[in-house]
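**Student:** Whatever this is, show me its structure:
(2 chains)
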Amino acid sequence: MKRIILVEDTYGVGFHKTVIEKLKEVKELDNSFNPRIERLPTGKCNPGLRGKVISRSSSENAKILIVVDTESNPNEVRHCMDRIFSSIPHNIHIGVVLVNPRHETWLCMGLGGDRTRCRQDPEHELRKLRGVRDYRKEYLNKWAKDINVHKLLEEHDFRKYIEVLKQLEQDP
Amino acid sequence: MVVEVKVFPEQITIENFKSIKRVTLKLKPGINLLVGPNRAGKTNILEAIYFLSKALSREELLRIPYAPHLPQYWSPEDIFFMRNIDRPIRFEILFRVVARREEKYFKHYIRMGVAFAITPDRSGVELVQLILDFKTLKLMINKNSINILINKEYLDTCLAMLKEFSGEIPSALLEQTVNKLVELKDHSKEVKEEFLQFYSMPVEEPKIINRFLLDPLHIFYSIHSKHLKHLTDKIISPYLLLLKRRYAPEVAVPFITFYEPSDSSEFKGYSLPKYLSITTLFEEHDIIPVSYYLDDIIRIVEDITLLKHPDVGAISEPQPFGGGERLDVRARNLPQILYKLAAEGKVDTIENLLKDIFGDVSIRLRSVANRVFFVVREGPIELPPPNIADGVVKVLAIATAAELRPSILLIDEIENSLHVEAIQKIFDFLNNLEIPVLVVTHSPAVIDLIDLDRVVIASRGSDDSTGIEHIENVEAVRKRLLELGVSHSEYILYGKTLR
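**Tutor:** Here you go, the predicted structure:
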């Protein structure tokens, strides 16, 4: 069984690796859980995504979790994902988690930012929290180690993420 | 109080360069893809922008003779559209200038136009026009004249501003300026043009534009009002430009910049660190100071970088210390530049990208007999330059080009020597830069990574000139492709660029 998590960019890969380790520490996930985490091979609403995702497991069974940002358009992104993966082989199971509006929201709340402001303009709140002039995408990966996951456990989208991760670690 | 300023080139127009009759590129921060069939003129677009950068560089302006077409082009005629030297090569760049003071953002725009023509003896090219359009004021330096035009919409504000300057400049000069503005105001209702000629003076100075570019304050100097607050309900920044006597009778020119409100999403681009010191001079004022000197604009153009596929052979050779500040188009001076960056402690980002893509791979800079080179360590094994994989050299070249903080990064055929996984990581690295990165590609893997609104399609038109097309109605196209199950690369490569 292949277990793969696909995220939007290279910085997201490091972020999820760290967050999953933290979820193991708080016993939300089993210590043996060790999925591959990769970058999405295309943009999230590109129909070319289907072929590239399916080709990651042409014969073997696979569980794939795709975590994407809504950029405040959850319906549109949900529609894209549903459409792209409307027909997939039986050996592949795909789960999708939408982060609203984007991963920086989780980073922001995990670092202790104000919940409302982290949902509205996470980069601005992160700049204030960490005292940097400009937010850079690489901070998603770099600052993930300082996240307190307890601050995220009540968030709807993060709960959904944990739920799908648990499905991913189950056999078959 | 600190005011930071970032400048972003939103739009570039190129006219009469090689296969290009006229194209206008709209740029966004991060990657902008240029896609099209072979011979469409994609590389010519990159070369045109790079030519402008080289032609306005200090190094080239100081060179005698001034010959910015060399060594790439053997004859100056080669760079003119259809080799027709009757029409000048023109460029126009629209810069968005955004200032941040505490958490407030303000912006204004500057439009720069430059024209080149062949020299009378046809041995080279020369600068024949430079225009700096600040919306309120337009400075136009031709080969033999200096012209200043004022937007008639701002005549009243200019007059009000001059009252603030009384006592700071000679009264005769002030009176002369006021009289001229009043005269223009009386005349303004009769003319349709947006700009009125405030001043025009023939200049008997060879290469006046080159001199201006090398040192604008050599010709103009500016004074800022020490007392001025808000003149209108908008935030303005008033200066007075004084033309130096050497070139013409002294003239005082009201120079106002209006700032519109902006936000953090527009605060992207090339940082002007100089502003930090200048703004402290005016911190008692409740205004955003203009703070830019005209030469900042020129330096931004100078800091454009073009990168083609690295010349691996040249890079493998040990090189003397030095090598200039700019990365060569084929990255031939990569060891020299890396050596300098390492000495300044600026290779962390480069090393991190290398590790991210290739795992346990790092570089070591070496010097022997006054020459520098780099080796690559793969775990315990050290690879000498000729044994280093081309993909590693390519990644090093791209990361180094970015580390040199260009204002625009131009990359030709980014995919060469790179596996799709490396392409994805390089894509993310470049796409998160604040500057525009204009990338030429034939790779479906690259096209599929980008949003359709960042794709520019190049093609040859019926007159064999290069044309470009930005995809319109991106939302509708995206929806249609989703319905059809057609990937973005299939749409671009098979639907838009097949002849």
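**Student:** Ramachandran coordinates for the nearest residue to A:Cys80 once chain neighbours are set aside?
**Tutor:** Excluding the flanking residues, the one nearest A:Cys80 by Cβ to Cβ, 6 or more residues apart in numbering or on different chains is A:Cys45, at 3.9 Å. (Each C-beta comes from the backbone N, C-alpha and C, glycine too.) Torsion angles at A:Cys45 (phi, psi; degrees, to the nearest 10) stand at phi -110, psi 30.
**Student:** Run a quick neighbour tally on the residue of the stretch 101-250 of chain B found nearest chain A.
**Tutor:** Nearest residue of the stretch 101-250 of chain B to chain A: B:Glu103, at 8.0 Å (Cβ to the nearest Cβ). Neighbours of B:Glu103 under the rule other Cβ atoms under 10 Å in any protein chain shown: 9.
**Student:** what separates it from B:Ser145, distance-wise?
**Tutor:** 45 Å (Cβ to Cβ, to the nearest Å).
**Student:** now the helices for chain A?
**Tutor:** In chain A, the segments counted as helices under DSSP state H are A:10-25, A:48-54, A:74-84, A:103-110, A:115-120, A:122-130, A:139-142, A:156-169.
**Student:** for the shortest one, which positions count as buried?
**Tutor:** Think helix A:139-142. Neighbour-count burial for helix A:139-142 flags A:139-141 (criterion: 16 or more other Cβ atoms under 10 Å in any protein chain shown).
**Student:** what about the nearest residue to B:Leu493 once chain neighbours are set aside, neighbour count?
**Tutor:** Using Cβ to Cβ, 6+ apart and skipping residues adjacent in sequence, the residue nearest B:Leu493 is B:Pro444, 6.2 Å away. By the criterion of other Cβ under 10 Å, B:Pro444 has 20 neighbours.
**Student:** What is the least confident helix or strand in chain B?
**Tutor:** helix B:275-281 (a mean of 40; mean pLDDT, DSSP states H and E).
**Student:** Could you identify the helix or strand that succeeds it?
**Tutor:** Sequence order places helix B:294-302 as the next helix or strand after helix B:275-281, per DSSP states H and E.
**Student:** Pick out the residue in the stretch 251-400 of chain B sitting closest to chain A.
**Tutor:** Minimum separation of the stretch 251-400 of chain B from chain A (Cβ to the nearest Cβ) falls at B:Ser264, amounting to 6.3 Å.
**Student:** give me every residue that touches that residue.
**Tutor:** Neighbouring residues of B:Ser264 by Cβ atoms under 8 Å, 6 or more residues apart in numbering or on different chains: A:121, A:123-124, B:100, B:105.
**Student:** hmm, back to that, which of the helices of chain A is buried the deepest?
**Tutor:** Mean neighbour count (mean count of other Cβ atoms under 10 Å in any protein chain shown) peaks for helix A:103-110 among the helices of chain A, with a mean of 26.
**Student:** Give me the residues contacting it.
**Tutor:** Helix A:103-110 is contacted by residues A:7-8, A:12, A:15, A:19, A:67, A:69, A:99, A:115, A:117-119, A:122-123, A:125-126, A:129, A:135, A:139-140, A:143-144, A:146-149, A:151-152, A:155, A:157-158 when judged by Cβ under 8 Å, 6+ apart.
**Student:** Please apply the same query to stretch B:142-152.
**Tutor:** Counting by Cβ under 8 Å, 6+ apart, B:126-129, B:135-141, B:158, B:181, B:184-185, B:188, B:191, B:193-204, B:208-209, B:219, B:241, B:243, B:247-248, B:251, B:253-254 sit against stretch B:142-152.
**Student:** do that again at 7 Å, thanks
**Tutor:** For stretch B:142-152, the surrounding residues in contact (Cβ atoms under 7 Å, 6 or more residues apart in numbering or on different chains) are B:128-129, B:135-140, B:158, B:184, B:188, B:194-203, B:247-248, B:253.
**Student:** Please apply the same query to stretch B:363-377.
**Tutor:** Contacts for stretch B:363-377 (Cβ under 7 Å, 6+ apart): B:318-321, B:335-336, B:338-339, B:342, B:351, B:354, B:361-362, B:382-385, B:388, B:392, B:396.
**Student:** still on that earlier bit, which of the buried residues of helix A:139-142 lies closest to A:Arg56?
**Tutor:** When the buried residues of helix A:139-142 are compared for distance to A:Arg56 (Cβ to Cβ), A:Asn141 wins out at 22.4 Å.
**Student:** need the contact list for the closest one.
**Tutor:** Contacts for A:Asn141 (Cβ under 7 Å, 6+ apart) come out as A:11, A:14-15.
**Student:** And it, how close does it get to B:Ile14?
**Tutor:** Distance, A:Asn141 to B:Ile14, using Cβ to Cβ: 38 Å.
**Student:** same question, B:Ala397
**Tutor:** Taken as Cβ to Cβ, the span from B:Ala397 to B:Ile14 is 25 Å.
**Student:** Geometrically speaking, which residue is the centre of chain A?
**Tutor:** Nearest residue to the geometric centre of chain A (Cα atoms, centre = their mean): A:Val67, 3.6 Å.
**Student:** Using CSV, write down the CA coordinates of stretch B:172-179.
**Tutor:** Output in CSV follows, covering the C-alpha atoms of stretch B:172-179 (Å, rounded to 0.1, in the frame of the first residue of the first chain):
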residue,chain,number,x,y,z
ALA,B,172,13.8,86.0,-9.5
LEU,B,173,13.9,82.3,-10.4
LEU,B,174,10.7,81.7,-8.4
GLU,B,175,9.0,84.6,-10.1
GLN,B,176,10.1,83.4,-13.5
THR,B,177,8.7,79.9,-12.8
VAL,B,178,5.4,81.3,-11.5
ASN,B,179,5.0,83.5,-14.5
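**Student:** Spell out which residues of the stretch 201-350 of chain B are next to chain A.
**Tutor:** Contact residues, the stretch 201-350 of chain B versus chain A (Cβ under 7 Å from any Cβ of the partner chain): B:Ser264.
**Student:** Okay, strands next: where are they in the stretch 201-350 of chain B?
**Tutor:** Assigned by DSSP state E, counting those that start in this stretch, the strands in the stretch 201-350 of chain B fall at B:220-224, B:235-243, B:251-262, B:270-271, B:304-307, B:319-320.
**Student:** What lies in contact with the last one?
**Tutor:** Spelled out, that is strand B:319-320. By Cβ under 7 Å, 6+ apart, strand B:319-320 touches B:333, B:335-336, B:370-373.
**Student:** most neighbours, which of the residues you listed?
**Tutor:** With neighbours taken as other Cβ under 10 Å, the top of the contacts of strand B:319-320 is B:Pro335, carrying 28 neighbours.
**Student:** tell me the contacts of it?
**Tutor:** B:Pro335 makes contacts with B:315, B:319, B:372-374, as judged by Cβ under 7 Å, 6+ apart.
**Student:** again, 10 Å this time
**Tutor:** B:314-321, B:323, B:363, B:365-367, B:371-374, B:385, B:396 (Cβ atoms under 10 Å, 6 or more residues apart in numbering or on different chains).
**Student:** try A:Glu28
**Tutor:** A:20, A:22, A:149, A:153, A:162, A:165-166.
**Student:** With B:Ser487 as the reference, measure out to B:Leu493.
**Tutor:** Following Cβ to Cβ, the distance that separates B:Leu493 from B:Ser487 is 9 Å.
**Student:** Look at whichever residue of chain B sits closest to chain A and say how many residues are nearby.
**Tutor:** The nearest approach of chain B to chain A comes at B:Ser487, 2.7 Å away (Cβ to the nearest Cβ). Applying other Cβ under 10 Å, we find 23 residues neighbouring B:Ser487.
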